[in-house]
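can't give you the sequence, but here's the structure:
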């Protein structure tokens, strides 16, 4: 089970055989951690600001990664925004003071921190704080949440920061972490097995969504709605496949073989949106995917991608994009170039 580890990072502790680096150089530690997570500022407390005793383990399981990180000395870390992932930080020894948005907590073996992708994040990690950290890709968790809700998210997913780790027998997340670590450290089933990776990823995402409070929790816990009529599902599939084409309500209704009013009613009653709002959200996701996939040195621009997916009014596009993803489209592009 997930319990406090009373010793420093060892070759026999959780995830030890998946260690990816150990260094005494602060700049190397910052760069290696940034390569797994995201760029950040790292400041070392104490007289020697260039030396650390940092070790990190890293295991990727689908859209989830499980990590162990020990910096050594006390450090201050200013991330800004995680952007593309959520992060759950669980000390096995020591503690950290974590600020995420307007929430501030002190973590410990009994209290973990959940960092939302679209909220500003700063932390002070005390000396010898040895942590398990689970990283969940934002696209995966928001896509799963939207699937369970039955409609696209109207606001970025934002979690409460504090997570109770005090009793693995009654708290779903600590029990899952214990199981996850046992599966990773054991040799019974290879993590490369697609069925296992998919199952573990879904368990992590679903457990976090249903056990940790967030801004969509109340709706998520409501009784499931009736199954949407077939013409709504057919239009959703058509929009997904033809989002770059000039679609109208009339053309979508004609494709589905129903009246425009019936199409509106189906989306309103079963998706809590309209056909064109759904089309806009699909196109926004396409833009987001294209910007994230832009390689280093690419000459792609936000305007090019916006026009490609049918956004002619850039100011409106930018406002919708920021509301959906919690950042400007230029921020998404800059993070990868």
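Structure's in. What do you need? Note that the coordinates shown come from a computational prediction; the quantities given were computed from them, not determined experimentally.

where exactly do the strands run in the protein?
19-25, 41-44, 51-61, 64-70, 75-80, 85-93, 96-100, 103-107, 111-115, 121-125, 130-137, 162-164 (DSSP state E).

what's the burial count for residue 286?
17 (other Cβ atoms under 10 Å). Glycine gets a C-beta too; all of them are placed from N, C-alpha and C.

Excluding chain neighbours, what is closest to it?
Using Cβ to Cβ, 6 or more residues apart in numbering and skipping residues adjacent in sequence, the residue nearest residue 286 is residue 309, 5.0 Å away.

The one you found: how many residues sit nearby?
Quick note: residue 309 (other Cβ under 10 Å) scores 19 neighbours.

got it, and the one 10 residues further on?
Residue 319 is surrounded by 12 other residues when neighbours are defined as other Cβ under 10 Å.

quick one: it and residue 328, what's the gap?
10 Å (Cβ to Cβ, to the nearest Å).

Likewise for residue 88?
26 Å.

Let me see the confidence value for the residue nearest to residue 250 when sequence neighbours are not counted.
Excluding the flanking residues, the one nearest residue 250 by Cβ to Cβ, 6+ apart is residue 260, at 6.2 Å. Looking at residue 260, its pLDDT stands at 88.

Verify the stated contact: residue 260 with residue 249.
Yes. Here residue 260 reaches residue 249: they are 5.2 Å apart, a contact under Cβ atoms under 8 Å.

Leaving out chain neighbours, which residue sits closest to residue 32?
Residue 32 sits nearest to residue 21 (Cβ to Cβ, 6+ apart), 5.0 Å away.

what's the neighbour count on that neighbour?
Neighbours of residue 21 (other Cβ under 10 Å): 16.

ok, it - contacts?
Contact partners of residue 21, counting by Cβ atoms under 8 Å, 6 or more residues apart in numbering, are 28, 32, 54, 55, 56.

Next, give me the two most distant ones among the residues you listed.
28 and 55 (12.0 Å; Cβ to Cβ).

These two - which one has more neighbours?
More neighbours surround residue 55 than the other of residue 28 and residue 55, with 21 against 13 (other Cβ under 10 Å).

Quick check: the more buried one vs residue 131, distance?
For residue 55, the distance to residue 131 - Cβ to Cβ - is 11 Å.
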